[in-house]
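Peer 1: Predicted structure and sequence below. I'll ask about it afterward.
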Amino acid sequence: MKFSAMVLFMALWSVLVYDPMAHMVWGKGGLLNAALGGVFPTLDFAGGTVVHVTSGVSALVCALYLGKRLGYPKEAMPPHSVVLSFIGACLLWVGWFGFNAGSALGAGSLASSAFVATHFGAAAAALGWATAEWLWRGKPSVLGAISGAVAGLVAITPAAGFVAPMPALAIGLIAGVLCFFMVAKVKGLFGYDDSLDVFGVHGAGGTIGALLTGVFAAKAVNSIFKDSHGNALPVGLIDGNAHQLLNQLVGIGFAWVLAIVGTLIILKVVDLVVGLRVPTEQEIQGLDLSQHGEEGYNLEV
Amino acid sequence: MKFSAMVLFMALWSVLVYDPMAHMVWGKGGLLNAALGGVFPTLDFAGGTVVHVTSGVSALVCALYLGKRLGYPKEAMPPHSVVLSFIGACLLWVGWFGFNAGSALGAGSLASSAFVATHFGAAAAALGWATAEWLWRGKPSVLGAISGAVAGLVAITPAAGFVAPMPALAIGLIAGVLCFFMVAKVKGLFGYDDSLDVFGVHGAGGTIGALLTGVFAAKAVNSIFKDSHGNALPVGLIDGNAHQLLNQLVGIGFAWVLAIVGTLIILKVVDLVVGLRVPTEQEIQGLDLSQHGEEGYNLEV
Amino acid sequence: MKFSAMVLFMALWSVLVYDPMAHMVWGKGGLLNAALGGVFPTLDFAGGTVVHVTSGVSALVCALYLGKRLGYPKEAMPPHSVVLSFIGACLLWVGWFGFNAGSALGAGSLASSAFVATHFGAAAAALGWATAEWLWRGKPSVLGAISGAVAGLVAITPAAGFVAPMPALAIGLIAGVLCFFMVAKVKGLFGYDDSLDVFGVHGAGGTIGALLTGVFAAKAVNSIFKDSHGNALPVGLIDGNAHQLLNQLVGIGFAWVLAIVGTLIILKVVDLVVGLRVPTEQEIQGLDLSQHGEEGYNLEV
C-alpha cells in the first residue's frame, strides 16, 4: 500500500470504524454498553471487540482487496529477524499490562485481577500454540510461541477484568491452539496473503476471547450486573447467565459487520482518491526505498 | 573522544554544569526557581533547560571543539540499523512518561496531566517532522518520525505539568518542524558534525519548549503563581502573564551561557589532562575495537 | 540440551528446587523465614537465595553434567550481537525495579527505598566490573559493563528492602568486581562451559548479596526484628547484630545444597526419560534448526 494511502486510510478508519464501535461498547447509552444502559449488554473489558475484532477483520478485508504480494505464496517470506520479533513480543506483553490493568481506571483489586488474568492468558496461549506446532509440525518454534503469546493477550483482553486466573488459563490455551490452526491451516485453504497474521491472531483471537468472556465472566471478579436492590447477578454462562453468550455474539456481529462494511467503503474511497497499491517496480524495489527513501540496515560490506 | 576523556568529562560536567543549573531552577531559593523564591521564576517542569538545553548546547560545543569525524561530510554515515533506532525511540517514549509524569512527585491529577501532554507532544512532533520531510524532501522516513518524536518529548519536557493537551499538540508540532530544519538545513550551513543531532534535537527542542512553556502555561493546569490571598495568578502569555516569556528567556540564557562556558573549560582541562581525540589510526580502526576491544556484532560468515 | 529435556527439567526444577526454597524463606513458619517464625531467620527481600543462588548453582551443575559445547574453549564463542545484549540488559534493569520494589507488596516508602537501592547497586556494579576489566585487561567493554549491571542487580536483590543507598553502592561495587573475577579468572581455572555466565553472575552475585545483606541491613530502613515490646532490634552486622551473618550463611548453605542435590537428581531423571544432550550432528547444525526448525535471521544475500 502507498504510504499516502495508508495515512488516509488510518485517519478514516479511526473515525468511521473504531470510534462508533468504541462508543457503542463503552459510551454511556451505547447500544452494546453493559454498565450504562445498552440494549445488548456486551462485556468487553479492554477492547476485544472494539480493538481486535475490528482491526483483525479489517486487515482481512485489506488483504483481500489489495491482493497478494508479488511472489506470494511461491517464495518463502519469513520474518527477517526472529530476534527482533521476540523483543517486540516481550515489549508488547509488558505494555499489555498497562492496556488491560489500566482499563480498570484505578489502581485497585480489579486492576490486579486484570493484570493476573492477562499474564495467565498470554502464558497459556504461548504454550498452547507451541504445543500445537510441536504436535502437528514436529518442532515448536520461537515464532510460534510469541505468536501464541500475542493471540493470548488478544483473547484475554475482553475478559481481563471479568475472569479469575484459572479461566484466564483456559481462554489463553484455547486461543493459542485455535489461532495456530487459523494461521497454519485456514489461511492456506483460503489463500489470502496476511503477512503479519493480523486476522489469524487479532481477528480470530478477539472473536474467541469475546465469546469466552461470555462463558467465564464471574460476579465474584466483577459484579457488573445488579438487580434493583444492588445484589450482584450472575455474569457469564458458568456463573448462571447463559443469555450473556447471545449478547456477546451480538457484540461480535456488530464488530464484524462494521469492520467489513466500513473498511470496504474506506478502501474504495482511498483507492479512488490516491490509489492503494504501489506500482510493480516500486514493490520490487521495496517499500522502504520507494516510499521512505531509507533502508532498515546500513551495514558496511 | 577517548573513553577515559569521556568518563572524566561526564563526571566534571555533571557537577559543574548540570548541578548548578538544577539548583538554580529546582532548588529552594535558586535564582531561577518559580515556586520557592527565585528572582527570575522560570517554568521548567521536568528539565527542558536543566537537562536538554544544557546537554544539547554542550554537545554543540563538543562537536566544534573535537572537530569532524574523518571523512565527514564527504562519506555518507547513516545509522547502521534504523530498526534498532526505532526500538530505542519507542523505549525512550515510554520511559519519558516516567520522567515527565514522575516529576509531579506523586500519582495524582498533575501526573496524569503531564503524562497526557507528553504523549500528545511526542505524537504531534513525530507527525510534524515526518510531514516537513515529506514536503521538503519528497519522502517521509522512519528515522525522521522518530527524530521528531524525540524532539517533541524534549520540547514538552519543560511544559508537561503546565499545559493542557491541545497546547501540548501545538508545542510538539512546532518543535517537530523547527528541529527538522535545524538538522536538515542549519547543520549543513554551519558544517559542524553532530552525529546524533544532539544539538538539533535536544538543544533546539529544549530551547523551543522552554520558550513555548512561557506561552502556553495555564493556571487551570498548575496554579504555581499565587497572590497573597492564595488566589491563582495567570501563568503563561495566553493565560495573561506576558512577562513570563521574559523569565523563560532569562532561564534559557543562563542555561546556554552555563553550558557554553562550563563545557569549554571542562574540555580544555580534560584535553590537557588526558587528551580528547583518539589518534587517527584508532579512529580508522573504530572506537569499539580501539577503546573497548569488542565488536557490536560477531556474525559467522 | 534437547528442548524436550529442557521443558521437563524446568517443570521439575520449579517444583522441587524453587518452591521448597521459596517456602522456607518466605512462607509462614518456613525454616528460614525472618518475619513469620523461622528457626534461622534469613533476610532475602526479593530472591537472592531463593531465585539467584538456586538458579546460578543449578546452572553450574547443569554445565558440569552436560559437558562443554563442541569446540569450547578452543574456538572463541562471543555473543553474536552485543547490541541486542545491551538492549536486553537495559530492559532487565528497568524490569528489576518491578521485581525488587514490587516485593514491598505496596507503593510506599519501603518500595521507594528498594527502588533506589536497586538502581544504586546496579550502577555501582556496572562501574565496578568495567573498572576491574579496565585495570586487568586494559580496556573496559560494554559487555563487561552490562554483565556488571546484572551482577549488581542480583546482589542487591536480597538486600533491596533492608539497606540504605550508600550500602547499596558498596554491595554493587563489591559484587561487580568479584563477579568479574569469577567469570574472567575462576571459570578459566575450573574449565566448565557456562555460556551465559549464570553461575558467575547469578550464583556468585546472589551468594555475595545474601552475605552482604547480613552486613548492611539496617533497622532504620526495615525494622523486621522487634522485641516483645515492639521496639526495633538491630538487623545486620553494622546495625549491631553480628549473629545475622550466621543466619545468612545458613540460608545460603540451604540454597546451595538444595540446588546441587535437587538439580543432580532432576538431571539424572530427565537423562533417563528423554535424554539430555542432542546428538553431535544436531549440535553442529545448531539447536535453532535442529530443535525448532527456524533461524534467528533470514537476510537476503
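Peer 2: Received the coordinates, thanks.
Peer 1: Packing partners of whichever strand or helix holds A:N100?
Peer 2: Element membership for A:N100 (DSSP states H and E) is helix A:82-102. For helix A:82-102, the packing partners by 3 or more CB pairs under 8 Å, 6 or more residues apart in numbering or on different chains; DSSP states H and E come out as helix A:109-137, helix A:142-156, helix B:82-102, helix C:82-102. Bear in mind the C-beta positions are built from the backbone N, C-alpha and C, glycine included.
Peer 1: most tightly surrounded among those?
Peer 2: The highest average neighbour count among the helices and strands packed on helix A:82-102, using mean count of other CB atoms under 10 Å in any protein chain shown, belongs to helix A:142-156 at a mean of 29.
Peer 1: Can I get the helices and strands packed on helix A:82-102 in JSON lines including distance to C:G138 and mean pLDDT?
Peer 2: Formatted as JSON lines, these follow (distance: least, CB to CB, whole Å; pLDDT from 0 to 100):
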{"stretch": "helix A:109-137", "distance to C:G138": "44", "mean pLDDT": "97"}
{"stretch": "helix A:142-156", "distance to C:G138": "38", "mean pLDDT": "98"}
{"stretch": "helix B:82-102", "distance to C:G138": "28", "mean pLDDT": "96"}
{"stretch": "helix C:82-102", "distance to C:G138": "18", "mean pLDDT": "96"}
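Peer 1: can you redo those as CSV with distance to A:V261?
Peer 2: Output for the helices and strands packed on helix A:82-102, formatted as CSV (distance: least, CB to CB, whole Å):
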stretch, distance to A:V261
helix A:109-137, 30
helix A:142-156, 22
helix B:82-102, 33
helix C:82-102, 41
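Peer 1: which residues in the stretch 151-300 of chain A form strands?
Peer 2: With DSSP state E, counting those that start in this stretch, there are no strands along the stretch 151-300 of chain A.
Peer 1: Find the nearest non-adjacent residue to whichever residue of it sits closest to chain C, please.
Peer 2: Nearest residue of the stretch 151-300 of chain A to chain C, counting by CB to the nearest CB: A:Y297, 8.5 Å away. In space, A:Y297 comes closest to B:S81 once its chain neighbours are excluded; the distance is 5.4 Å by CB to CB, 6 or more residues apart in numbering or on different chains.
Peer 1: and that neighbour, how many residues sit next to it?
Peer 2: Neighbourhood size, B:S81 [other CB atoms under 10 Å in any protein chain shown]: 19.
Peer 1: again, but for A:L43
Peer 2: The burial count assigned to A:L43 is 28, neighbours taken as other CB under 10 Å.
Peer 1: quick check: longest helix of chain A.
Peer 2: Using DSSP state H to assign secondary structure, the helix with the most residues in chain A is helix A:243-273.
Peer 1: Can you give the distance of that helix from its chain's centre?
Peer 2: Taking CA atoms, centre = their mean, to the nearest Å, one finds the center of helix A:243-273 at 14 Å from the center of the full chain.
Peer 1: Stretch A:167-178 too?
Peer 2: With CA atoms, centre = their mean, you get 14 Å for stretch A:167-178.
Peer 1: Then stretch A:84-91?
Peer 2: 17 Å.
Peer 1: Using PDB, list the CA coordinates for it.
Peer 2: Provided in PDB are the C-alpha atoms of stretch A:84-91 (Å, rounded to 0.1, in the frame of the first residue of the first chain):
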ATOM      1  CA  LEU A  84      13.600  -8.600  16.900                       C
ATOM      2  CA  SER A  85      10.200 -10.200  16.700                       C
ATOM      3  CA  PHE A  86      10.900 -11.800  20.100                       C
ATOM      4  CA  ILE A  87      11.900  -8.400  21.600                       C
ATOM      5  CA  GLY A  88       8.800  -6.900  20.100                       C
ATOM      6  CA  ALA A  89       6.600  -9.600  21.600                       C
ATOM      7  CA  CYS A  90       8.200  -9.100  25.000                       C
ATOM      8  CA  LEU A  91       7.600  -5.400  24.900                       C
END
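Peer 1: and for it, what are the contacting residues?
Peer 2: With CB atoms under 8 Å, 6 or more residues apart in numbering or on different chains as the contact definition, stretch A:84-91 has outside contacts at A:79, A:142-143, A:146, A:149-150, B:83, B:87, B:90-91, C:84, C:87, C:91.
Peer 1: Identify the residue of the stretch 1-150 of chain A closest to chain B, quick one.
Peer 2: Scanning the stretch 1-150 of chain A for proximity to chain B using CB to the nearest CB identifies A:L84 as nearest, at 6.2 Å.
Peer 1: Distance-wise, check that residue relative to B:V142.
Peer 2: When CB to CB, to the nearest Å is the yardstick, A:L84 and B:V142 sit 14 Å from each other.
Peer 1: and what of A:T207?
Peer 2: 32 Å.
Peer 1: same question, A:G205
Peer 2: Note on A:G205: its distance to B:V142, by CB to CB, is 28 Å.
Peer 1: can you check A:D271 too?
Peer 2: Distance, A:D271 to B:V142, by CB to CB: 25 Å.
Peer 1: Can you name the residue of the stretch 201-301 of chain A nearest to chain B?
Peer 2: Across the stretch 201-301 of chain A, the shortest distance to chain B (CB to the nearest CB) belongs to A:G293, at 4.0 Å.
Peer 1: Can you pull the residues of the stretch 51-200 of chain A lying near chain B?
Peer 2: Residues of the stretch 51-200 of chain A found near chain B, taking CB under 8 Å from any CB of the partner chain as the criterion, are A:81, A:84, A:87, A:91, A:95, A:107.
Peer 1: Assess the claim that A:D288 and A:E295 are in contact.
Peer 2: Yes: taking contact to mean CB atoms under 8 Å, the distance of 5.8 Å between A:D288 and A:E295 places them in contact.
Peer 1: what's stretch A:119-138 in contact with?
Peer 2: By CB under 8 Å, 6+ apart, the list of residues contacting stretch A:119-138 from outside reads A:93, A:96-97, A:139-141, A:144-153, A:155-156, A:159-160, A:165-166, A:168-177, A:179-181, A:184, C:293.
Peer 1: where does the stretch 151-300 of chain A dip in pLDDT?
Peer 2: Within the stretch 151-300 of chain A, the set of residues satisfying pLDDT under 70 comprises A:300.
Peer 1: ok, now with 90
Peer 2: Across the stretch 151-300 of chain A, residues meeting the criterion (pLDDT under 90) sit at A:298-300.
Peer 1: What parts of it come near chain C?
Peer 2: Counting by CB under 8 Å from any CB, no residue of the stretch 151-300 of chain A is near chain C.
Peer 1: Helices along the stretch 151-300 of chain A, start to end?
Peer 2: In the stretch 151-300 of chain A, helices defined by DSSP state H, counting those that start in this stretch lie at A:165-181, A:187-190, A:198, A:204-216, A:243-273, A:280-285, A:287-292, listed in chain order.
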